[in-house]
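Structure, please.
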Amino acid sequence: MIEEKEKKSLFRRKKKKTEEMLRIEQLEKLMAETGGDVDPDTLISMYVPHRRRKRLAAALLRMDKLSLWFLGLLLAVAVLFITAFMQEKMGNFTINLNRLELFRKGIAIADEGYFEKPTARLVANTVVDATNISIDDIPEDVDQIDGGHNGDNYMAYTYYVRNAGKEDVYYNASITLDSCAKGAEEAVRVAVWRNGERTVYAMPSEEGLPEYGCENFVDEKTVCRFTEENFLVGNVDKYTIVIWMEGDDPECVDRIVGGSVEFSMHIDADNDDETNLLWKFVKDIFDTLTGDKPISAAGTEAPDYYKSHDVNYYNRRNGGSTEPTE
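As a prediction, this is how the structure comes out:
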């Protein structure tokens, strides 16, 4: 036991001596670089281990509570921003609603018609190991099922956009191709049901012409664009997106086996408010305090200003659908 303690003591002495030698070498190098003009604080920091960390801790302790609270708030905002940015690209199909220009005004999206959980972002489940199929293999009622309802070798997602705000708005919607591999985008099909009307999009053929029964992608990175010029208060729009690899496409060949595609849909304001971001923040706080336009502090709860009744797909202003019967 005594022998073991002596070994440990000898090891600590050797370690301390080695550290001192290293500090001396650092000092000699520093003096050579500066011509001997070395800050005394630098010398102390070199020979008093962890001094800088202790000084930082002491400085934090000297800060008053308001400063500490403000520093903590900045850190929390930074973490939330980084988390939101990292989550912006998940799954093989994502729907993102503009938070600043639409969500804060009472526009929201949901994966079911009653808007029980309105939000500004939805993510579809990924289809794994999909093979090519024909458009005839897609069920005829695929646009009648809410939320994610992937089938064999195709992705399907139905969602709704609601205006429960205080003002009519314009919005632009676009589907973009965010990533692809092994040329899979050449044979992919994107079918969009917009309020019941279907359009199928595909990359143009080798001759630049539309594939049979399809409209061309807008460009290599944009599938399609929509503009809703008069999205009135109380309106609800319905979208169903179906994505698959078309087996009848001439570009659907062996070389794309194992390929992948990733899409997202963005819903933005047509007429962005050019007001300063800080002023928007101040105005939102004022509206919340006065009860005029309460905003969720976390930014995750959709405002509902339409007080006559809860707006949903079955009582929407822009349609005559009746509530489904069980």
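
give the contact list for Arg198.
Asp143, Ala191, Val192 (Cβ atoms under 8 Å, 6 or more residues apart in numbering). For glycine as for every other residue, the C-beta is placed from the backbone atoms N, C-alpha and C.

same thing with Glu206?
Pro250, Glu251.

Just say helix, strand or coil for it.
Three-state assignment for Glu206 (DSSP: H, G, I helix; E, B strand; the rest coil): coil.

Over to it: give its phi and psi.
As for Glu206, its main-chain torsions (degrees, to the nearest 10) stand at phi -60, psi -30.

Phe70 now?
Dihedral angles (degrees, to the nearest 10) for Phe70: phi -70, psi -40.

and if you look at Ile135?
With angles defined as degrees, to the nearest 10, Ile135 sits at phi -60, psi -20.

residues in contact with it?
So Ile135 contacts Arg189, Ala191, Val200, Gly213, Trp244, Glu246, Asp248 (Cβ under 8 Å, 6+ apart).

and if you look at Glu211?
Here Glu211 is in contact with Ala202, Met203, Pro204, Ser205, Glu246, Asp249 (Cβ under 8 Å, 6+ apart).

and if you look at Tyr239?
Tyr239 sits next to Thr158, Tyr159, Tyr160, Val161, Ala173, Val192, Trp193, Arg194, Met265 when contact means Cβ under 8 Å, 6+ apart.

tell me which of the contacts of Glu211 is nearest to Leu71?
Met203 (50.5 Å; Cβ to Cβ).

how near is that closest one to Ser134?
17 Å (Cβ to Cβ, to the nearest Å).

And for Asn172?
32 Å.

Which of those two has more residues huddled nearby?
Neighbour comparison, Asn172 and Ser134: the larger count goes to Asn172, with 16 against 12 (by other Cβ atoms under 10 Å).

hmm, back to that, which of the contacts of Ile135 are buried? Put it as a ChimeraX command.
Selection of buried members from the contacts of Ile135 for ChimeraX, criterion 16 or more other Cβ atoms under 10 Å:
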select :189,191,200,244,246
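
Now the two most distant members of the contacts of Ile135.
So, the contacts of Ile135 by Cβ to Cβ: farthest apart are Ala191 and Asp248, at 14.3 Å.

Find the nearest non-adjacent residue to Thr227, please.
Asn172 (5.4 Å; Cβ to Cβ, 6 or more residues apart in numbering).

next one: Leu122
Ile95 (4.4 Å).

Surely Val169 and Asn98 touch.
No - with contact defined as Cβ atoms under 8 Å, Val169 does not count as touching Asn98 (10.5 Å).

any shared contact partners between those two?
With Cβ under 8 Å, 6+ apart as the test, Val169 and Asn98 both reach Ala269.

for the chain, what helix or strand is lowest in average pLDDT?
Lowest on mean pLDDT, DSSP states H and E among the helices and strands of the chain sits helix 40-47, with a mean of 48.

Looking at the longest strand along the chain now, give me its mean pLDDT.
With DSSP state E setting the assignment, residue counts place strand 169-181 as the longest strand in the chain. For strand 169-181, mean pLDDT is 92.

swap in stretch 214-224?
95.

Extract the CA atoms of that stretch and return them as PDB.
In PDB, the C-alpha atoms belonging to stretch 214-224 read as follows (Å, rounded to 0.1, in the frame of the first residue of the first chain):
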ATOM      1  CA  CYS A 214     -47.500  15.200 -67.100                       C
ATOM      2  CA  GLU A 215     -46.500  18.800 -66.900                       C
ATOM      3  CA  ASN A 216     -42.800  19.700 -66.900                       C
ATOM      4  CA  PHE A 217     -41.000  20.700 -63.700                       C
ATOM      5  CA  VAL A 218     -40.600  24.500 -63.600                       C
ATOM      6  CA  ASP A 219     -36.800  24.000 -63.500                       C
ATOM      7  CA  GLU A 220     -34.200  21.500 -62.200                       C
ATOM      8  CA  LYS A 221     -34.900  22.500 -58.600                       C
ATOM      9  CA  THR A 222     -38.600  23.500 -58.700                       C
ATOM     10  CA  VAL A 223     -41.400  21.100 -59.300                       C
ATOM     11  CA  CYS A 224     -44.300  23.500 -59.500                       C
END
